[in-house]
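# Requesting a structural model of the entry that follows:
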Amino acid sequence: MLLSGKYHQSNIKYLWFLIFIICLTIVSYLTLFKSIPNILSLTLTIKTTLTSVIRTSTTTTTTTTTTQSLSKPKEPSCIPFTIPDNRSFFEREYPQSNLPRLISSSTYRNVTQQLNSRRLVVVGCARNVQSNIDDYRSRIEQIIDLFHSSSRILIFESDSSDETSKKLMQWSRAEVFTNGNLIRSYPSRTDRLSYCRNTLLTKAYNYTPDYILVTDVDIFSTSVSSFLSNFQYDTNDWAVMTASTNGNYYDIWALRTLSDSVMNFDVWHRIWELERSAAKYCNPSRFTDLIIGIHQKHISTEHGLIEVRSAFSGAGLYKVNSTYGCQYDGSHSTCEHVPFHLCMRDKNRARIFINPQFIVR
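All right, here's what the predicted structure looks like:
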């Protein structure tokens, strides 16, 4: 635009110079030739010349302006949504220090043999899980048989539209609590789960267990060896061992990493916040993939423990004394495990881990 202005000013100076020359010519011409026809002829010539110059100047300026308008880059109508690091949470956190110590093979054998003097209470919330009960039952009974005979299985059922309640009632070793339709009282799924888990937690305390195994009935499919991998670490060094999976780690909503800068926020709240201003982004369909999907990767069983502030992924083995004074809370559409775990860390100095060898499915 600056160049165009200078070019236009140059044309105007040239035009004024030309007019001056023409005026000088007229004076000279009149002095030499005073006849009217000659003056008229000169006037027509001057008019033609001036018109040509003015047209040329105007055309040049217009062409320059148009060319510059076409070449000026357009302002983008949207911005791409990107993230600074596409590695998963466990890749960013690794390696961690001060992790629980692996015990020797002989100590491990002693620890697992002594489990029969420890009491375990298994708890699970059930809704429309009729097709999962047989496998869940066989897995849980193998695990609970490792512990003292006073160990218990507690199942809370509600809101099922299949034969879940009927099938659970046929399980003689399980104590089943059926609660009909809770949706009317607790429309939010996380509120219903909080109510279920808190009810089971209170009932579990009545048996004074050493450990509580919290499970999701629909996905729990753990082998004995996988479960026992939790005890290859010194039990004085951990309070909670949460599960992983054979496939991609999926439970990002329950996850809060130890580092503030990695995954220490509610992923769905972040997505909902972005969706409120989705119009300014070129790729709003990628919000979920870039905020949640990048973390849903397979964790190798060779990876080792990952300390977190919160996690679940279908199962968690809790030392009961680490849970005292804390409750599940799913209000404000928050994953109910997160407030429970943060309370445990705050009140009981609980250390929580993902154990990649503790595989639920």
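# pLDDT at the spatially closest residue to Ile306 that is not a sequence neighbour, what is it?
Leaving aside its sequence neighbours, Ile306 sits nearest to Ile354 (C-beta to C-beta, 6 or more residues apart in numbering; 4.3 Å). Backbone N, C-alpha and C define where each C-beta goes, glycine included. Looking at Ile354, its pLDDT stands at 98.
# other SSEs contacting the helix or strand where Ile354 lies?
Element membership of Ile354 [criterion: DSSP states H and E] is strand 352-359. If contacts are counted by 3 or more C-beta pairs under 8 Å, 6 or more residues apart in numbering; DSSP states H and E, strand 352-359 sits against helix 224-228, strand 240-244, strand 306-310, helix 337-348.
# ok, and what's touching that strand?
Taking contacts as C-beta atoms under 8 Å, 6 or more residues apart in numbering, the residues outside strand 352-359 that touch it are 90, 99-100, 222-223, 226-227, 229-230, 238-246, 249, 299-311, 313, 315, 317, 341, 344-345.
# 6 Å - rerun?
The contact list for strand 352-359 (C-beta atoms under 6 Å, 6 or more residues apart in numbering) reads 226, 229-230, 238, 240-244, 246, 299, 301, 303, 305-308, 311, 341.
# For the protein, which segments count as strands?
Under the criterion DSSP state E, the chain contains strands at 120-126, 152-157, 174-178, 211-216, 240-244, 256-257, 306-310, 315-319, 352-359.
# Buried deepest among those strands, which one?
strand 240-244 (a mean of 28; mean count of other C-beta atoms under 10 Å).
# quick one: that strand to helix 337-348, angle?
160 degrees (axes from the mean of the first three to the mean of the last three C-alpha atoms, to 10 degrees).
# What is strand 240-244 packed up against?
Applying 3 or more C-beta pairs under 6 Å, 6 or more residues apart in numbering; DSSP states H and E, one finds that strand 240-244 makes contact with strand 315-319, strand 352-359.
# rerun that using 10 Å as the cut-off
When contacts are defined as 3 or more C-beta pairs under 10 Å, 6 or more residues apart in numbering; DSSP states H and E, strand 240-244 packs onto strand 211-216, helix 224-228, strand 306-310, strand 315-319, helix 337-348, strand 352-359.
# do you know which of the ones you listed lies nearest Ser151?
strand 211-216 (9.0 Å; C-beta to C-beta).
# doesn't Ser333 make contact with Arg189?
Yes - Arg189 lies in contact with Ser333 (C-beta atoms under 10 Å); the separation is 9.0 Å.
# Map the structural domains onto the sequence of the protein.
The record's domain parsing of the chain by automatic domain parsing lists 2-71, 89-359.
# most packed of those?
Using mean count of other C-beta under 10 Å, domain 89-359 ranks as the most buried of the domains of the chain, with a mean of 18.
# how about the helices in the stretch 101-250 of the chain?
Under the criterion DSSP state H, counting those that start in this stretch, the stretch 101-250 of the chain contains helices at 105-113, 133-144, 164-169, 189-205, 224-228.
# for the third one, packing partners?
The reference is to helix 164-169. Right, helix 164-169 is packed against strand 120-126, helix 133-144, strand 152-157, strand 174-178 by 3+ C-beta pairs under 10 Å, 6+ apart.
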